[in-house]
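A.B. asks: next one to model:
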Amino acid sequence: MAPALLILWGAAVILQVDLLPDRKFLLLPPVNFTIKFMGLSQVLLRWEPNPDQEQWNVNLEYHVKIHTPQEDDYETRKTESKCVIPLHRGISASVQTIAWRQGSLLASTWVSAELHAPPGSPGTSIVNLTCTTTTTMVADNSTALRPYRVSLRCAWLAGKGAPDDVQYFLYYRYGSMTEQCQAYSKDALHRNTACWFPKTFIHSRGHEWLAVHVNGSSKQATIQPFDQLFALHAIDQVNPPMNITAEIQGTRLFIHWEKPVSAFPAQCFDYEVKICNAKNDYFQMEKVTTNEFIATTHAISKYSVQVRATVSSACREPGLWSAWSQPVHAGNDEQAPWAGWFPIALTATFCILSFIFFLVCRIYNLWNKLFPPIPAPKSNIKDFFVATHYEKTGSRDTETEVISYVEEPGMEVLEHSVF
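C.D. replies: The predicted model follows:
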């Protein structure tokens, strides 16, 4: 009995030892949580571990949750986090301490912070903001390390609640670089509604967000600012392929081109080829991953060839197609009509030559010279009314044949006897 009691007491002690740390281990929330503005559409979330947190043999992590302007949550082991997010509606976020212990997730309570939206009258901010980037080649040899330049163009509309004297101003940020627009286009009220950056700090092969910020000023109202983030692959206007050639050899149409002006290498492009048959008003579309295509031609005709490009998904996320290249022509559609007119021309020529030959023969009486008439007994129309009678008289050895020519009344009657 005593050994059994000892065993039960030992098990209870071990169980209490295992449960006691879990019961006493308490996670405390972070302290000094702040949201700091770092630039266009960029904030820094920072906090500190709770100094009263009891030290245990566990790894502390943090769960961050973004409430506005759009919901998001993630986990991190750091005590700060950069967020790229539109800020014209402000931002609200929370953070808590988390830890894994004996297969269970422990979490503290939440602490929150907020960055208020900038002031402004409702409906005064811009609407319908669109942006596109275009890549051009730099002719200056001093920029050999970056021979391509990216330009940026943005356009927008004035807000419905904006006063007539409003004036808008655009800024963009890419990475750590921020730039203000210097070249605007205006609407009928002389308000800035478009902006052009002939060269930017944007790297077309980069993966960072492009942040665009537009604020405004007016004597009649406070203008709300507007922020928007753009992924480069979604707004990059790819250039059309270059140096397109098309040549017909026999029954084959050979098409070749060069990659577009772009910082991406040649293997990063997909292409679409459009071949139009001018004779049949028919076109075919083909997708290829190389810079050449061979098509089969079936008849004499003129072909129009166009090619467009896009950066393949192997090099970045799918984006926009380029515009179609200028048409390149191959073949000759002027030969095609002779195929239909040739039988008609041949028939007309034969008829004309036959008519000329007939006239020559008639004028020079060549027909009688070439084909003289065959002599024949003279005949009279009266012969059509001749009746022939055969009579046999005499003996078996002697036969008498009588041929009578009978004419109708009014005509002479002639009889001949042949013995």
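A.B. asks: element containing A330?
C.D. replies: Using DSSP states H and E, A330 sits within strand 328-331.
A.B. asks: make sure L359 is indeed in a strand.
C.D. replies: No: secondary structure assignment (DSSP: H, G, I helix; E, B strand; the rest coil) places L359 in helix, not in a strand.
A.B. asks: quick check: it vs I352, distance?
C.D. replies: 11 Å (Cβ to Cβ, to the nearest Å). For every residue, glycine as well, the C-beta is placed using N, CA and C.
A.B. asks: ok, now F25?
C.D. replies: For F25, the distance to I352 under the criterion Cβ to Cβ works out to 115 Å.
A.B. asks: between those two, which one's more packed in?
C.D. replies: Each of F25 and I352 has its neighbours counted (other Cβ atoms under 10 Å); F25 has more, 14 against 10.
A.B. asks: which one is the more buried one nearest to, not counting chain neighbours?
C.D. replies: Beyond its immediate neighbours in the sequence, the residue positioned closest to F25 (Cβ to Cβ, 6 or more residues apart in numbering) is W56, lying 5.8 Å away.
A.B. asks: coming back round to it: which strands and helices sit next to the strand holding A330?
C.D. replies: Strand 328-331 is packed against strand 242-249, strand 302-311, with contacts defined by 3 or more Cβ pairs under 8 Å, 6 or more residues apart in numbering; DSSP states H and E.
A.B. asks: what packs against the longest one?
C.D. replies: Using 3+ Cβ pairs under 8 Å, 6+ apart as the contact criterion, the secondary-structure elements in contact with strand 302-311 are strand 242-249, strand 252-258, strand 269-277, strand 328-331.
A.B. asks: try it again with 10 Å
C.D. replies: Under the contact criterion of 3 or more Cβ pairs under 10 Å, 6 or more residues apart in numbering; DSSP states H and E, the helices and strands touching strand 302-311 comprise strand 242-249, strand 252-258, strand 269-277, strand 282-288, strand 292-296, strand 328-331.
A.B. asks: ok, which of the ones you listed comes nearest I35?
C.D. replies: Closest to I35 of those, according to Cβ to Cβ: strand 269-277, at 42.1 Å.
A.B. asks: now that closest one, how far from the centre of its chain.
C.D. replies: 10 Å (Cα atoms, centre = their mean, to the nearest Å).
A.B. asks: relative to that strand, what are the paired strands and their orientations?
C.D. replies: Listed by DSSP bridges, the sheet partners of strand 269-277 and their directions read strand 282-288 (antiparallel), strand 302-311 (antiparallel).
A.B. asks: pick the most deeply packed of those strands.
C.D. replies: strand 302-311 (a mean of 21; mean count of other Cβ atoms under 10 Å).
A.B. asks: pLDDT (mean, whole number) over stretch 159-176?
C.D. replies: This predicted structure assigns stretch 159-176 an average pLDDT of 95.
A.B. asks: can you give me the end-to-end span of it?
C.D. replies: Between the start and the finish of stretch 159-176 there is a gap of 29 Å, counting by Cα to Cα, to the nearest Å.
A.B. asks: begin at 344, not 1, for the rest of this chat.
C.D. replies: Okay, residue one is now 344; in that scheme the one you just asked about reads as stretch 502-519.
A.B. asks: what lines up beside the strand or helix carrying Q439 in the sheet?
C.D. replies: Counting by DSSP H and E, the element that carries Q439 is strand 434-444. In its sheet, strand 434-444 lies beside strand 404-411 (antiparallel), strand 447-450 (antiparallel), strand 454-458 (antiparallel), with partners assigned from DSSP bridges.
A.B. asks: centre of the chain to that strand, how far?
C.D. replies: 44 Å.
A.B. asks: list the buried residues for it?
C.D. replies: Residues of strand 434-444 classed as buried: 434-442 (neighbour count, 16 or more other Cβ atoms under 10 Å).
A.B. asks: just stretch 504-511 next, same as before
C.D. replies: Neighbour counts using 16+ other Cβ under 10 Å place 505-506, 509-511 of stretch 504-511 among the buried residues.
A.B. asks: return the member of those residues nearest to A574.
C.D. replies: Sorting the buried residues of stretch 504-511 by how near they are to A574, with Cβ to Cβ, puts Y511 at the top with 23.4 Å.
A.B. asks: spell out which helix or strand contains the closest one, please.
C.D. replies: Y511 belongs to strand 510-517 when assigned by DSSP H and E.
A.B. asks: distance of D624 from K645?
C.D. replies: Where K645 is concerned, D624 sits at a distance of 12 Å (Cβ to Cβ).
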